[in-house]
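*Asks:* Take a look and give me a structure for this.
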Amino acid sequence: SPSSGKTTVAVKLADYLSRKRKNVLLIFADMTAPPLPCICAPSDLEGEKSLGSILAATHVTENLIKKNCIFHRKNDYLTMVGMLKGENVFTYPPYEQTQATELIEQAREVAPFVIIDCGSVIASDILSAVALMEADTVLRLVNCDLKSISYLSSQLPLLRDNKWDADKQLKIASNVKQQEASTHIEQILGNVAFQIPHSKEVEIQGLEGNLFAELGLKESRAFRKEIEKISREVFGV
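*Replies:* Residues are numbered from 1 along each chain as shown. So this is what the prediction gives:
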């Protein structure tokens, strides 16, 4: 769902794996509201390369991806690909499903762990749609509010198609506040694989554009544990 914390969870998972000294490639697929300029200070990033340059190529190769990666100056195990500040889907020539598929196939050669932060509008977002089809595991985040649930319901006819492989989709109740009882959540959403609790500290990091910062407050302990649980069950780390 929109604003369900997809980027936050993607960044926190990538950060957790990289702190375990696992090489991670984090791809930001959203071209409508590019997350890359919002996740950390510009001074922490090395390189002015863009996802748009990769998808504009006739064929996507491992070397092309490596040439267009952005690196985090304080983390040698983390590599990122995304749109730059001010860019949008119209900044570059239109791309086809071929380039999106090649990007994901070749990304597997760049790093052993690949996390793709998808957009919400899969009907018109080619890269996100292909990522959902090609991924080993899909985490579907849903906020516990009526609008998010309505959005999920509108997407279900698309996601039920055989090409999406429903068996690899894990539903996550996201940003769960203390007053939202677990039984109530499951009554609304059905069976969920994970419940990611609300964390004020994470919220502040997102507002400040500092999502790679460590979580130090006691109230964030439940959030950290759920990220660790997801990492163990999805990545085996």
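*Asks:* where does Gly206 land in three-state SS?
*Replies:* Under DSSP: H, G, I helix; E, B strand; the rest coil, Gly206 falls in the helix class.
*Asks:* quick one: contacts of stretch 132-149?
*Replies:* For stretch 132-149, contacts defined as Cβ atoms under 8 Å, 6 or more residues apart in numbering pick out 1-6, 9, 101, 104-105, 116, 118, 122, 152, 159, 163-165, 168-177, 180, 185, 188-189, 194, 196, 230, 234. In this view, the C-beta of every residue, glycine as well, is placed from N, C-alpha and C.
*Asks:* pLDDT-wise, which helix or strand of the protein ranks last?
*Replies:* Across the helices and strands of the chain, mean pLDDT, DSSP states H and E gives its lowest value to helix 182-189, namely a mean of 66.
*Asks:* Name the next helix or strand downstream of it, please.
*Replies:* As assigned by DSSP states H and E, the chain's next helix or strand after helix 182-189 is strand 194-197.
*Asks:* what comes up buried for that following strand?
*Replies:* Within strand 194-197, the residues that count as buried by 16 or more other Cβ atoms under 10 Å are 194-197.
*Asks:* which residues touch it?
*Replies:* Strand 194-197 is contacted from outside by 5, 9, 139, 141, 170, 172-178, 182, 185, 222-223, 226-227, 229-230, using Cβ under 8 Å, 6+ apart.
*Asks:* hmm, 7 Å instead?
*Replies:* Contact with strand 194-197 is made by 5, 9, 170, 172-176, 182, 185, 222-223, 226, 229-230, as judged by Cβ atoms under 7 Å, 6 or more residues apart in numbering.
*Asks:* Could you check how far it is from the centre of its chain?
*Replies:* 16 Å (Cα atoms, centre = their mean, to the nearest Å).
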